[in-house]
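Peer 1: quick one: sequence plus predicted model below, questions after.
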Amino acid sequence: MPQFAVDGAELTYDDEGPRDAEGVPLVFIHGWTANRHRWDHQMEHFAAGRRVIRLDLRGHGDSTGIGARAIADLAGDVMALLDHLEVDRFVPVGHSMGGMIAQTIALTHPERVERMVLVNSISRMAYSRGRGLLMAASTRVPFKLFVAANIQRAFAPGHPRHEIKEYIRASAATPREVVMTLYDAMRAFDVLDRVGEIRVPTLMVHGYHDIQLPVHQMLRMAKGYPDAVIRIIDAGHELPVEKPKELTAALDWFLSGPPSRP
């Protein structure tokens with residue numbers, strides 16, 4: 001597993017596929033408490049004919065490091081890795097918090113983003129009063145219970161329980177400081193008033209049953225995008241592992257469309 005050192009962290013990443021492929025590289029960015037293996041299906045599919053890169057964000061999976069207190073910090077890590085790999089233009093594909101990172105990159109480095117894909121992601125965290133109280137209370141329960149409750153509710157009804165337990169176990173292995181500081185970072189994230197600046201073609205894929213980041217919040221975000229298309233899939237918040245084939249098919253369709261504007 002290759003690693004890259006940046007700002008006190010060792011980022012583990014995969015860099016696969018042909019370097020001379022016609023399309024620009026795809027960069028897969030996972031979500032909160034997850035890891036790069038959320039993208040296994042997409043990596044296997046696209047690496048046959050395109051350069052594909054994925055990483056474990058700092059403190060997640062096989063990467064070390066803590067200290068990221070804002071989504072912009074994680075975006076900086078991703079860009080540092082891509083500079084190291086000499087990747088200029090690319091397509092960021094971000095799930096949940098990874099979509100927040102992708103939007104941050106598109107706003108701060110627009111010249112390097114050819115297209116963008118947001119999976120179960122939004123531009124501003126928003127809660128009803130009742131949901132806000134529930135989320136605030138959840139941070140006061142034991143850490144493992146907090147993680148388990150959040151991962152359990154991320155899946156649509158009927159998803160195999162043994163698989164959910166494995167994802168809970170993997171998420172609970174993420175250091176508490178990483179989990180809680182990034183929980184606050186996501187709650188503070190807000191670029192909703194700036195999404196009109198993101199002028200590249202953008203695909204928004206969302207799970208119909210997502211109660212973590214509900215569809216109506218994604219639709220509110222989509223209204224501000226100058227060039228966005230939407231796909232709704234029968235899944236929950238963990239779309240990359242709940243319906244991997246459907247997500248890959250949506251990516252295939254989007255990436256084969258007309259070229260983006262310069």
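Peer 2: Received the coordinates, thanks.

Peer 1: let me know the secondary structure of Ala156.
Peer 2: coil (DSSP: H, G, I helix; E, B strand; the rest coil).

Peer 1: so it sits right up against Asp234, yeah?
Peer 2: Yes - Ala156 lies in contact with Asp234 (CB atoms under 8 Å); the separation is 7.4 Å. Any C-beta I mention is one placed from the backbone N, CA and C, and that applies to glycine too.

Peer 1: look at those two and report which has more neighbours.
Peer 2: Ala156 (19 against 12; other CB atoms under 10 Å).

Peer 1: ok, now which ones touch the more buried one?
Peer 2: Residues in contact with Ala156 (CB atoms under 8 Å, 6 or more residues apart in numbering) are Gly207, Tyr208, His209, Asp234, Ala235, Gly236, Glu242.

Peer 1: mind checking how far Pro175 is from Ile164?
Peer 2: 21 Å (CB to CB, to the nearest Å).

Peer 1: where does the prediction get shaky in the chain?
Peer 2: 127-139, 258-262 (pLDDT under 70).

Peer 1: what touches both of Ala156 and Asp234?
Peer 2: Common neighbours of Ala156 and Asp234 (CB under 8 Å, 6+ apart) are Gly207, Tyr208, His209.

Peer 1: can you give me the strands in the protein?
Peer 2: 3-6, 9-16, 26-29, 52-55, 91-95, 116-119, 202-207, 228-233 (DSSP state E).

Peer 1: and the second one, what's buried?
Peer 2: It stands for strand 9-16. For strand 9-16, the neighbour count (16 or more other CB atoms under 10 Å) marks Ala9, Leu11, Thr12, Tyr13, Asp14, Asp15 as buried.

Peer 1: in contact with the nearest residue to Val215 once chain neighbours are set aside, which residues?
Peer 2: Nearest residue to Val215, sequence neighbours excluded (CB to CB, 6 or more residues apart in numbering): His206, at 5.4 Å. With contacts defined as CB under 8 Å, 6+ apart, His206 is in contact with Val119, Asn120, Leu213, Val215, Met218, Ile230, Arg231, Ile232, Ile233, Leu239.

Peer 1: which of these sit farthest apart?
Peer 2: Put simply, by CB to CB the two of the contacts of His206 set farthest apart are Leu213 and Arg231, 15.3 Å from each other.

Peer 1: between the two, which one's more packed in?
Peer 2: A count of neighbours by other CB under 10 Å puts Leu213 above the other of Leu213 and Arg231, at 23 against 18.

Peer 1: can you pull the contacts of that one?
Peer 2: Leu213 sits in contact with Ser96, Asn120, Ser121, Ile122, His206, His237, where contact means CB under 8 Å, 6+ apart.

Peer 1: Ile164 now?
Peer 2: Contacts of Ile164 by CB under 8 Å, 6+ apart are Ile151, Gln152, Phe155.

Peer 1: PyMOL command for the buried members of these?
Peer 2: Buried subset of the contacts of Ile164, written as a PyMOL selection, criterion 16+ other CB under 10 Å:
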select buried, resi 151+155
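
Peer 1: ok, the contacts of Ile164 vs Val91, which is closest?
Peer 2: Closest to Val91, out of all of those and judged by CB to CB, is Phe155, at 26.7 Å.

Peer 1: in this structure the closest one contacts Lys243, no?
Peer 2: No - between Phe155 and Lys243 there is no contact under CB under 8 Å: 11.1 Å.

Peer 1: just to revisit the earlier point, filter the contacts of His206 to the buried ones?
Peer 2: Buried members of the contacts of His206, scored by 16+ other CB under 10 Å, are Val119, Asn120, Leu213, Val215, Met218, Arg231, Ile233, Leu239.

Peer 1: and His216, how many neighbours?
Peer 2: Residues near His216, counting by other CB under 10 Å, number 11.

Peer 1: one more: Val78?
Peer 2: By other CB under 10 Å, the residues close to Val78 number 26.
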